[in-house]
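Enquirer: give the three-dimensional model of this entry:
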Amino acid sequence: MTSSLSLLKILALVSVCHSIPELTISIVNPELDATLDTKLPAELISKLYTTLCESGGSHNIVRIKTEDGRSGIIEEGQRLNTNSRFVTSCMFEDSPPNKTCSFCEANRACVAEIRSSCSPSDMRSMQYVDVTLSTSFGELVVDNCEVLCQQKWFRGDEPIVSASSSISDLAVGLVAGVIVLASLLVAGAVICKIKDSKSVREEYNDNHFTHSTSCSSNEIM
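Expert: I've put the predicted structure just below:
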């Protein structure tokens with residue numbers, strides 16, 4: 001009897017997993033003309049489906065780590081705040097939140113598309129994206145979106161150097177090299193002059209001592 005109940009639970013779970021829709025959050029970067037598609041795992045979609053479709057919940061916040069595409073549901077207090085440093089809104093006037101698909105219908109493939117970018121794109125990158133999702137008459141709606149943009153070398157990456165900055169660095173290096181070489185030449189010349197002066201002084205002292213000795217000998221004789 002117990003084994004039969006366990007089997008029924010497994011079958012019920014499988015049927016629920018097959019009935020929930022698929023959900024992909026597509027982050028479009030207009031600056032790079034690139035798209036990052038994150039397909040949410042079944043257990044995460046199941047939580048969204050239960051909250052937004054079955055329980056009549058208001059909304060859920062999905063956080064996506066853009067580096068590896070990992071996602072998870074976070075609490076309201078953990079969401080990114082546009083008043084914080086490096087956090088900006090993903091909601092653009094030319095791309096208002098739209099109903100994406102009939103999320104509460106079974107076996108639907110939903111795509112929630114947002115537009116996000118970090119400027120300048122060669123110096124900053126998206127770290128996290130928080131997407132606030134809700135439903136309206138069974139349709140999935142993107143209510144809000146925040147993105148955390150950080151300078152790339154904050155994560156240990158080497159900053160991207162453009163060709164113009166490389167030329168500037170080369171010019172600075174050459175000027176510095178010339179200055180160092182000139183300093184070495186001046187220092188060498190000063191050292192040589194000091195040595196020459198010392199040699200002349202020593203030669204003069206030797207000659208003077210020899211002359212004095214000769215004079216003393218003549219006087220004695």
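Enquirer: check contacts around the residue lying closest to residue 133 once chain neighbours are set aside.
Expert: Distances taken as Cβ to Cβ, 6 or more residues apart in numbering put residue 60 closest to residue 133, at 5.5 Å, once the chain neighbours are dropped. The C-beta positions use only the backbone N, C-alpha and C, and glycine is treated the same way. Residues in contact with residue 60 (Cβ atoms under 8 Å, 6 or more residues apart in numbering) are 47-48, 51-52, 73, 132-134.
Enquirer: in CSV: these, plus pLDDT.
Expert: Formatted as CSV, the contacts of residue 60 follow (pLDDT from 0 to 100):
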residue, pLDDT
47, 92
48, 92
51, 91
52, 91
73, 93
132, 92
133, 92
134, 91
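Enquirer: coming back round to it: gap between the residue nearest to residue 133 and residue 142?
Expert: 12 Å (Cβ to Cβ, to the nearest Å).
Enquirer: what segments of the chain are strands?
Expert: Ranges of strands in the chain, per DSSP state E, are 22-29, 34-39, 60-65, 70-74, 87-89, 99-102, 109-115, 124-136, 139-151.
Enquirer: wait, isn't residue 53 in contact with residue 136?
Expert: No - using Cβ atoms under 8 Å, residue 53 is not in contact with residue 136, being 11.5 Å away.
Enquirer: these two: who's more crowded?
Expert: residue 53 (17 against 11; other Cβ atoms under 10 Å).
Enquirer: which one is that one nearest to, not counting chain neighbours?
Expert: residue 104 (3.9 Å).
Enquirer: returning to that earlier point: quick one: the strands of the chain as a markdown table, columns for distance to residue 180 too.
Expert: As requested, the strands of the chain are arranged in a markdown table below (distance: least, Cβ to Cβ, whole Å):
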| stretch | distance to residue 180 |
| --- | --- |
| strand 22-29 | 44 |
| strand 34-39 | 44 |
| strand 60-65 | 46 |
| strand 70-74 | 50 |
| strand 87-89 | 44 |
| strand 99-102 | 62 |
| strand 109-115 | 51 |
| strand 124-136 | 35 |
| strand 139-151 | 32 |
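Enquirer: between these, which one is closest to residue 194.
Expert: strand 139-151 (51.1 Å; Cβ to Cβ).
Enquirer: how about that closest one: buried residues?
Expert: Across strand 139-151, burial judged by 16 or more other Cβ atoms under 10 Å covers 139-142, 144-150.
Enquirer: of the contacts of residue 60, closest to residue 100?
Expert: The closest of the contacts of residue 60, once distances to residue 100 are taken by Cβ to Cβ, is residue 133, at 9.0 Å.
Enquirer: please name the bridge partners of residue 113.
Expert: residue 26 (DSSP bridges).
Enquirer: wait, residue 142 touches residue 110, no?
Expert: No - Residue 142 is beyond contact range of residue 110, at 11.0 Å (criterion: Cβ under 8 Å).
Enquirer: which residues are common contacts for those two?
Expert: residue 100.
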